[in-house]
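Participant: Next comes the sequence, and after it the predicted model I'd like to discuss.
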Amino acid sequence: MKKILFIGFLCSFLILFSQAKNVHYTDFIDFTDSSGVEYNCMMITDEHGDDGRADSTVRILYTTDDNEHLIEFYADCYYEKLKNGNTRISFFPTANTPIKIIKGKDVSYNPDTFIYEVDAKTSKIKGTQSDKSNSPPIPIFYRDMTMADKLDEADKFYFRAEPMYGLLKKFYDRKMNDANKIDSYYDALGWFGSDGTAYQAFIVTLYKNQQFLNAVVRIRYERDGEIKIVEYNAECELVVQKDDSISVSIDPKTTDVKNIQGNSGYSPDSFSYTMDANNKFVSGQQFDDNSTADLSYIKITNRAEFALKFYSENDEIYQKYLK
């Protein structure tokens, strides 16, 4: 067993410095010791300082002899970016950290050290648990869950009357709201047709939880003294290159084009362009069924004002994402 004799009454005389006071992120880790006992762990970590250190509260839930135990100790959490691009997270028990018994009768627990590494390419997480018993490090299983599942899991570690539970609920609720929020990204492009007509495209791309939803393209041009505006839906693909530049491809979903202002038959355009690592336009092309042209990038200094060239103030997209 991974335990040492611990004299519980001494805990009350120790000063607690490293208790997490706010929730910056949480971790859930499982491991099984050499005797077959399974341990479920929850770490609450505060914001990291410039030295990479943060206060962390660790709770361990496990069962022995049909008795469930829940204990708590404090740790220094270190965040380190490695030369290979990976991220290392380490939890070291603070010096003389007390073991607080939340549930059960176990008063002989040796606080754990956890070290894990996040692979920059695959996002896979591998790590180990160890303690002062000189036993070989034990592999951990890192549980990747949704925010809703994490909130449910926190019920196993914290009573709802505890102040920390309230902070956890606010943290997870905020994260879930952010995940359900639809974000927008927009670009404006210009080109000349083979007959000299100047075209402007205003592309609004919608994302939810970093997943592409839809791109709405509006094209504005003048023909026979009349301003015409058309609209169509498109697919957007972003590809990050090795030099951190971004290749953007905009392709119409269908050939259906909606007339917003004026009447015209219009073939939907496709766009392919590149932005450098500093988000500056490099080059690009417009193409449709009949022609192709070099693109120029239109720098927008006032989003709402520029958008009104393509949208009315009553348009839903303008109200939600552009004003």
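Facilitator: Cool, got the structure.
Participant: Report how many residues lie close to Y62.
Facilitator: Burial of Y62 is recorded as 22 neighbouring residues (other Cβ atoms under 10 Å). To be clear about C-beta, it is placed using only N, CA and C from the backbone, and glycine gets the same treatment.
Participant: A strand includes it, no?
Facilitator: Yes. Y62 sits within a strand when classified using DSSP: H, G, I helix; E, B strand; the rest coil.
Participant: can you give me the helices for the chain?
Facilitator: 147-154, 163-180, 303-307, 316-317 (DSSP state H).
Participant: Residues contacting the second one, please?
Facilitator: Contacting residues not belonging to helix 163-180 are listed as 20, 22-23, 26, 44, 57, 147-148, 150-151, 154, 158-159, 208-209 [Cβ atoms under 8 Å, 6 or more residues apart in numbering].
Participant: need the contact list for F306.
Facilitator: A188, F202, I298, I300.
Participant: Mind checking which of those residues are in strands?
Facilitator: In strands, judged by DSSP state E, the following of the contacts of F306 are found: A188, F202.
Participant: Show me what the residue nearest to T26 when sequence neighbours are not counted is bridged to.
Facilitator: With sequence-adjacent residues excluded and distances taken as Cβ to Cβ, 6 or more residues apart in numbering, T26 is closest to I44, at 5.5 Å. Beta-bridge partners of I44, counted by DSSP bridges, are T26, T57.
Participant: Now for I44, how many residues are close by?
Facilitator: By the criterion of other Cβ under 10 Å, I44 has 26 neighbours.
Participant: I figured it hits V23, correct?
Facilitator: Yes. Contact criterion Cβ atoms under 8 Å: I44 and V23 qualify, at 5.7 Å.
Participant: Tell me what S272 is bridged to.
Facilitator: Note on S272: beta-bridge partners by DSSP bridges are S249, Q285.
Participant: re earlier: now mean pLDDT too, for the helices of the chain, in JSON lines please.
Facilitator: Shown next, in JSON lines, are those (pLDDT from 0 to 100):
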{"stretch": "helix 147-154", "mean pLDDT": "90"}
{"stretch": "helix 163-180", "mean pLDDT": "86"}
{"stretch": "helix 303-307", "mean pLDDT": "94"}
{"stretch": "helix 316-317", "mean pLDDT": "91"}
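Participant: Cool, thanks, signing off.
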